[in-house]
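Peer 1: build the 3D model from these lines:
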Amino acid sequence: MNPTDKIYVAGHRGLVGSAILRLLTRRGYSNIITRTSKELDLREHGPVKEFFETEKPQYVILAAAKVGGIYANNTYPAEFIYDNLAVQNNVIHEAYRAGVTKLLFLGSSCIYPKNALQPIREEYLLTGALEPTNEAYAIAKIAGIKMCEYYHKQYGCRFISAMPTNLYGPGDNYDLQNSHVLPALVRKFHEAKMNKADNVTIWGTGSPRREFLHVDDMAEACYFLMQEYDHPEIVNIGLGADHTIAEMAMIIKSITGFEGKLVFDDGKPDGTPRKLLNVDRINALGWSASIDLEDGIRTTYEDFTANYDYYVNKKHTTATIAESSK
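Peer 2: Take a look at the predicted model:
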């Protein structure tokens, strides 16, 4: 992949897509194609087919998806499975038909069994039951992985898949109903501080362990894989370390300067007990994360406060497609 190559970044306004766009621009790539969801609805086959026939991109990074936290996944499972399957099917198949040189499909660590051994290795895929609260999303992502694998097998396509852990950073979704736990807590603690609240309520017991990777590290990993990796086997992307939700909440509490108490609502679901990815495969290839959690949350909080009005008024509805990332 060279700076003059034509690259289509699907989902360029979402968390991962915008980070990849920033990285490519910074590295001097000047022939990047983007479309908003209003300009190109990736759920619709006809427009996607026309787009690939007209634009003929050489490389595709598929970061477009419908995403959300436990509440959104549990409330709108039909939309999560239909929309994500439609996006994947259209983009991957039309990339094949258009003769795309290479495609990177981005999955999610929720594809792995709920009770998988930790840390989770790539070969644990399809060895056990999924977490029920995000099963619809996970099944769609597994289908995308297998689609890339089988197009590689049958047609010789250089279609690869990467599995990021939980992501955070500039451009995140801070909607309190549909966001993931880290950005939701950043907003909760900030607003509690501004409102001089006595406490912040956190869903669940605080005991589940989660791994969080800064999105700029994720973008670097995607770029690395586009340059260095051509095999159909999936690749985990993560930090290689995890924290409990309670520990992470304490870090956010300290960074935001909130002085009240933490209240854990154990009537709300915890989700998967632990989700730490084994990153031996990508580390052995020559890539590893460089941003630790505390530094990453600090810069993320600075971005959030600097752009607070934009983030709190930004709409992340269940109808939004192709501008978000897990």
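
Peer 1: for the rest of this, base every contact and every neighbour count on C-alpha atoms.
Peer 2: Fine.

Peer 1: residues contacting the helix or strand bottoming out on mean pLDDT in the chain, please?
Peer 2: One helix or strand of the chain scores below all others by mean pLDDT, DSSP states H and E: helix 70-75, with a mean of 82. If you take Cα atoms under 8 Å, 6 or more residues apart in numbering as the criterion, helix 70-75 is touched by 67, 80, 133, 134, 136, 137, 177, 178, 180, 271, 318.

Peer 1: repeat that for 6 Å
Peer 2: For helix 70-75, contacts defined as Cα atoms under 6 Å, 6 or more residues apart in numbering pick out 133, 134, 178.

Peer 1: spit out the contact partners of the first one.
Peer 2: So the one you mean is residue 133. Residues near residue 133 by Cα under 6 Å, 6+ apart: residue 74.

Peer 1: distance of it from residue 273?
Peer 2: Here the criterion is Cα to Cα, to the nearest Å. By it, residue 133 lies 12 Å from residue 273.

Peer 1: do the second one as well
Peer 2: When distance is defined by Cα to Cα, residue 134 is 14 Å away from residue 273.

Peer 1: those two: which has the busier surroundings?
Peer 2: Neighbour totals were compared for residue 134 and residue 273, and residue 134 leads with 26 against 14 (other Cα atoms under 10 Å).

Peer 1: OK, contacts around the more buried one?
Peer 2: residue 73 are the contacts of residue 134 under Cα under 6 Å, 6+ apart.

Peer 1: name the residues that touch the host helix or strand of residue 191?
Peer 2: For residue 191, the element it lies in under DSSP states H and E is helix 181-194. The contact list for helix 181-194, computed with Cα under 6 Å, 6+ apart, reads 174, 176, 258.

Peer 1: same list (those residues) but as TSV, adding secondary structure, distance to residue 3 and neighbour count.
Peer 2: Formatted as TSV, these follow (DSSP: H, G, I helix; E, B strand; the rest coil; distance: Cα to Cα, whole Å; neighbours: other Cα atoms under 10 Å):
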residue	secondary structure	distance to residue 3	neighbour count
174	coil	33	25
176	coil	39	16
258	coil	45	22
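
Peer 1: can you list these in TSV and add pLDDT?
Peer 2: Putting the contacts of helix 181-194 into TSV (pLDDT from 0 to 100) gives the following:
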residue	pLDDT
174	92
176	82
258	97
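
Peer 1: can you map out the helices along the stretch 101-250 of the chain?
Peer 2: Per DSSP state H, counting those that start in this stretch, the stretch 101-250 of the chain carries helices over the ranges 135-155, 181-194, 215-228, 245-256.

Peer 1: for residue 10, find the nearest of those.
Peer 2: helix 215-228 (13.4 Å; Cα to Cα).

Peer 1: elements contacting that closest one?
Peer 2: helix 15-26 (3 or more Cα pairs under 6 Å, 6 or more residues apart in numbering; DSSP states H and E).

Peer 1: run the angle between the helix it packs on and helix 215-228 for me.
Peer 2: 60 degrees (axes from the mean of the first three to the mean of the last three Cα atoms, to 10 degrees).

Peer 1: and the next helix or strand past helix 15-26?
Peer 2: Sequence-wise, the next helix or strand downstream of helix 15-26 (DSSP H and E) is strand 32-33.

Peer 1: what are the contacting residues of the next helix or strand after that following strand?
Peer 2: Next helix or strand after strand 32-33 toward the C-terminus (DSSP H and E): helix 45-55. Residues from elsewhere that reach helix 45-55, judged by Cα under 6 Å, 6+ apart: 90, 94.

Peer 1: tell me which residues in helix 45-55 are buried?
Peer 2: Going by neighbour count (16 or more other Cα atoms under 10 Å), the buried part of helix 45-55 is 45, 48, 49, 51, 52.

Peer 1: and what of stretch 248-262?
Peer 2: Result for stretch 248-262 [16+ other Cα under 10 Å]: buried residues 248, 249, 251, 252, 253, 255, 256, 258, 262.

Peer 1: could those residues go into CSV alongside distance to residue 11?
Peer 2: Below are the buried residues of stretch 248-262 laid out as CSV (distance: Cα to Cα, whole Å):
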residue, distance to residue 11
248, 28
249, 29
251, 30
252, 28
253, 31
255, 30
256, 30
258, 34
262, 35
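
Peer 1: which of those residues lies closest to residue 166?
Peer 2: Closest to residue 166, out of all of those and judged by Cα to Cα, is residue 248, at 12.8 Å.
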